[in-house]
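Chemist: sequence plus predicted model, see below.
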Amino acid sequence: MPFGDRIPIISLGGSPPALSGGDEHAGTRLLNRPRALLTGVFCAFAAFLPVVGVVAPKGTVVLLLLVAVLAVPIHWWTHRRFPVPDLRIAIALSVLVVWCAIASAWSEDSVRSLVLALRVAVIFTAGLLLIPIVAALDDAARKRIGLWLIAGFGLSLALVAVETGLDYPMLRIFKTAETGKEAVWFNRGAVALALLVWPVTALLWARGLGWKALALPAALGVASLFLESAAATLCLAAGVITVLLALCHRRAGLAITVAAGVLVFVAMPFAAREMHNNGWHQADWLAASAQHRVEIWDFSVQRMAEKPLLGWGFDGSRHMGSLYPDPGDTGRGIAALHPHNAPLQIMLELGAVGAVIVLALLWFIAMRLDDVSGRSRTFGQVLFVAALAVGSVAYGTWQNWWLALLLSTVLLVSLTSVTGKGNSRTLVWSGPLGSDSFMRRF
């Protein structure tokens, strides 16, 4: 993963002992072995993630954890230390998980909520450990991984094209749906493609296509209109707008990420009430699912006002249906398993305390992205805004597959970026304060 340009080199002191020719070759082979294994692990990860994300999105959890289980021991084999993640982001995530566990105490089902908090902690830990491991890879490894990503992404696009073009011959074996509603089978898969397209675009840009690489997300945005996934379309639209603005000025990306992170929390409760008051939940020009979301969001805002400081408890939104069983104005149930809106769900379940923690986390991530050099910074910021866009209209915030997909996509942006580390004997890992503060040469 590319990081900031300010990379102090720490001298280990003294001169290394002289090695004979045979000992030197043996040492080189010993060092290259774990590097080759690590590259192979991430090549497989890059190839399988797009396919798994499209066909079986919940499998992203297994894939991410499997990569962590394989990569962390190999990293230890090489360095005799565990990877050190960004300290600020790690602390913010830890505080968030701890608050989720504490807030489980006043949830309707405390045990279930606590178990969910533990699962979220495992996924976060896997991502935090993998990011500094990725930082150790040199450009030769990243180029190989990039090729496998292109192959995997191309295969996933081919699968979607074949399935939709031939009336879903493979998916019909495993799934059922109303006639004419089969496109919903790719609802989550379309969002996975809408996120994964950004590391692929970053890779194509770095390979010399430049602005032409933006044709890929633009074309995918048009195709998403036929997959009945408004979230995917919004993700791609937000990403394209962000990348165009971010490329105009060096500081534009930071301004956009900070503004997006703050606005979704500050503006969403007011926007939800205004949309409902203006009758959007009954507007014929909105899809039925969008109308329903307006009702759910307004209901969530009303419940937030009842417990503004501590919220209803972690994962408490899934129990709102039993607490408030009455339907809304249109007869639809207004208490869903989750609000389909990350800012509202966080404020509903974790209260103002949880919202402040998440805002701090988003701030640290935005600042960290701004330290990244080159176009990797731009596409990292694009992914940040695109993920916020999807999280504001779809899915439950704590759904494990969603969290795993986000972290996996972040890893791919890191894995496919060029760092300038052409020397395979140079290892870089993420420093405890976020910048690349350590470099070791063998």
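Modeler: Good, I have the coordinates.

Chemist: strands of this structure, start to end?
Modeler: 426-429, 438-441 (DSSP state E).

Chemist: select from those strands the stretch with the lowest mean pLDDT.
Modeler: Mean pLDDT values for those show the minimum at strand 438-441, a mean of 30.

Chemist: where does pLDDT dip in the stretch 51-200 of the chain?
Modeler: For the stretch 51-200 of the chain, the stretches flagged by pLDDT under 70 are 173, 176-185.

Chemist: show me where the stretch 1-150 of the chain has its helices.
Modeler: 21-55, 59-79, 87-103, 110-134, 139-165 (DSSP state H, counting those that start in this stretch).

Chemist: dump these to JSON lines, plus distance to Ala387 and mean neighbour count.
Modeler: For the C-beta atoms, the positions are set from N, CA and C on the backbone; glycine is no exception. Shown next, in JSON lines, are the helices of the stretch 1-150 of the chain (distance: least, C-beta to C-beta, whole Å; neighbours: other C-beta atoms under 10 Å):
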{"stretch": "helix 21-55", "distance to Ala387": "14", "mean neighbour count": "18"}
{"stretch": "helix 59-79", "distance to Ala387": "14", "mean neighbour count": "18"}
{"stretch": "helix 87-103", "distance to Ala387": "15", "mean neighbour count": "19"}
{"stretch": "helix 110-134", "distance to Ala387": "13", "mean neighbour count": "20"}
{"stretch": "helix 139-165", "distance to Ala387": "18", "mean neighbour count": "18"}
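
Chemist: how about those helices, which one is nearest Gly189?
Modeler: helix 21-55 (3.8 Å; C-beta to C-beta).

Chemist: isn't Trp363 right up against Gly261?
Modeler: Yes - using C-beta atoms under 8 Å, Trp363 is in contact with Gly261, at 6.9 Å.

Chemist: neighbour count winner among those two?
Modeler: A count of neighbours by other C-beta atoms under 10 Å puts Gly261 above the other of Trp363 and Gly261, at 21 against 16.

Chemist: now do the contacts for that one.
Modeler: Residues near Gly261 by C-beta atoms under 8 Å, 6 or more residues apart in numbering: 359, 362-363, 366, 384, 388.

Chemist: distance of it from Val385?
Modeler: 9 Å (C-beta to C-beta, to the nearest Å).

Chemist: so Pro217 touches Leu196, yeah?
Modeler: No - contact criterion C-beta under 8 Å: Pro217 and Leu196 do not qualify, at 10.4 Å.

Chemist: who has more neighbours, these two?
Modeler: Remark: of Pro217 and Leu196, Leu196 carries more neighbours, 26 against 23, as counted by other C-beta under 10 Å.

Chemist: what's that one in contact with, if anything?
Modeler: 49-50, 53, 153, 156, 409, 412.

Chemist: run through the residues that contact Leu405.
Modeler: Neighbours of Leu405 in contact, by C-beta under 8 Å, 6+ apart: 53, 57, 60, 191-192, 195.

Chemist: next: Leu309.
Modeler: Contacts of Leu309 by C-beta under 8 Å, 6+ apart are 351-353.

Chemist: for ChimeraX, what selects the buried ones among those?
Modeler: This is the ChimeraX syntax for the buried subset of the contacts of Leu309, where burial follows 16 or more other C-beta atoms under 10 Å:
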select :351,353
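
Chemist: ok so, going back, got the helices of the stretch 1-150 of the chain as TSV, with distance to Thr378 columns?
Modeler: Below are the helices of the stretch 1-150 of the chain laid out as TSV (distance: least, C-beta to C-beta, whole Å):
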stretch	distance to Thr378
helix 21-55	20
helix 59-79	25
helix 87-103	20
helix 110-134	18
helix 139-165	17
